[in-house]
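Asker: kindly generate the corresponding structure for this input.
(one chain, ligands or ions: 1)
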Amino acid sequence: MKKFSRLVLFILAFFLGTLHAFAAEKLVALTFDDGPSPQYTERLLDILKKNNVHATFFVIGKNAEKYPKIVAREHTEGHEIGSHTWSHPNLKNISQKKMEAERDKTDAIIKKITGETPKFLRPPYGNENAKVRAVWNRPLINWSVDTLDWKYRSKKHNIAAVNEQTKEGSIILFHDIHKTSVDSIQSVIDNLKAKGYKFVTVSELLAAGNDGKAVTGQKVCYSQWNCTSLKK
Ligand code: NI
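Answerer: Coordinates of the predicted model:
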């Protein structure tokens with residue numbers, strides 16, 4: 001009997017431990033804007049592959065048109081592809097007609113390459129308003145960790161920014177068009193893995209914060225826990 005209860009306790013402890021491990025899974029999403037870059041994106045893909053990390057690429061439509069093979073590789077290797085518009089305008093300053101062209105051309109080239117229409121838009125500079133949300137009619141994905149990698153062009157700065165700002169559920173912003181950004185990714189992955197973070201795509205991150213259901217519709221998301229619905 002004593003032996004039996006010890007066994008029961010052991011099994012119980014095992015299940016609780018497993019449950020705890022699931023509950024304690026801290027997710028983050030790495031996102032890369034403005035590519036694909038013929039100089040740097042493939043090296044980044046090699047690093048992500050070696051580390052078994054999936055990221056989200058917000059590609060510029062006209063770059064995708066120029067380098068479709070790189071976008072195809074991103075897709076084939078399990079990364080998510082989002083729209084970052086066709087030509088990177090400030091969406092607050094252009095007409096609805098121009099917005100629709102930015103949307104449709106980018107959706108078409110991504111669909112041509114991957115077979116799928118992008119589920120998300122990352123508005124250039126994070127600039128959005130009610131009109132932008134209505135035209136795209138899908139979640140806009142901004143970020144909660146701003147590395148300012150485009151500004152400092154410093155591996156050291158990028159690594160420190162991620163270490164200081166990342167929390168459970170963060171969306172981390174990088175640009176795969178800068179050498180220093182790609183140079184910092186191995187250390188970023190190592191540091192976050194050591195802190196217990198798991199890397200997922202934006203779709204996976206948001207669904208995990210939404211009872212497993214995909215996040216759709218007009219929202220602006222900054223992290224796993226922060227998707228705001230329409231403001232007026
Ligand atoms: Ni951009």
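Asker: hey, let's count contacts and neighbours off CA atoms from now on
Answerer: Noted.
Asker: could you point out which element follows the lengthiest strand in the chain?
Answerer: For the chain, the longest strand by residue count, based on DSSP state E, is strand 26-33. Downstream of strand 26-33, the first helix or strand assigned by DSSP states H and E is helix 41-50.
Asker: now that next one: buried residues?
Answerer: Across helix 41-50, burial judged by 16 or more other C-alpha atoms under 10 Å covers 41-42, 44-45, 47-48.
Asker: put the alpha carbons of it into PDB.
Answerer: The C-alpha coordinates for helix 41-50 follow below in PDB (Å, rounded to 0.1, in the frame of the first residue of the first chain):
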ATOM      1  CA  THR A  41      18.300  37.600 -45.700                       C
ATOM      2  CA  GLU A  42      19.700  34.200 -46.700                       C
ATOM      3  CA  ARG A  43      22.400  34.300 -44.100                       C
ATOM      4  CA  LEU A  44      19.700  35.100 -41.600                       C
ATOM      5  CA  LEU A  45      17.600  32.100 -42.900                       C
ATOM      6  CA  ASP A  46      20.700  29.900 -42.300                       C
ATOM      7  CA  ILE A  47      21.000  31.100 -38.700                       C
ATOM      8  CA  LEU A  48      17.200  30.600 -38.000                       C
ATOM      9  CA  LYS A  49      17.300  27.100 -39.600                       C
ATOM     10  CA  LYS A  50      20.400  26.000 -37.600                       C
END
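Asker: and that helix, what's its mean pLDDT?
Answerer: For helix 41-50, mean pLDDT is 98.
Asker: likewise for stretch 189-207?
Answerer: Stretch 189-207 comes out at a mean pLDDT of 98.
Asker: how about the residues of this protein by the ion?
Answerer: 34, 124 (C-alpha under 5 Å from the ion).
Asker: show me where the chain has helices.
Answerer: 2-23, 41-50, 61-66, 68-76, 96-114, 130-136, 149-152, 155-165, 179-194, 202-208 (DSSP state H).
Asker: for these, which one sits closest to residue 89?
Answerer: Residue 89 sits nearest to helix 96-114 of all the helices of the chain, at 8.8 Å, using C-alpha to C-alpha.
Asker: where does this structure have low pLDDT?
Answerer: Applying pLDDT under 70 to the chain picks out residues 1-24, 230-232.
Asker: re earlier: out of the buried residues of helix 41-50, who's nearest residue 65?
Answerer: Closest to residue 65, out of all of the buried residues of helix 41-50 and judged by C-alpha to C-alpha, is residue 41, at 14.8 Å.
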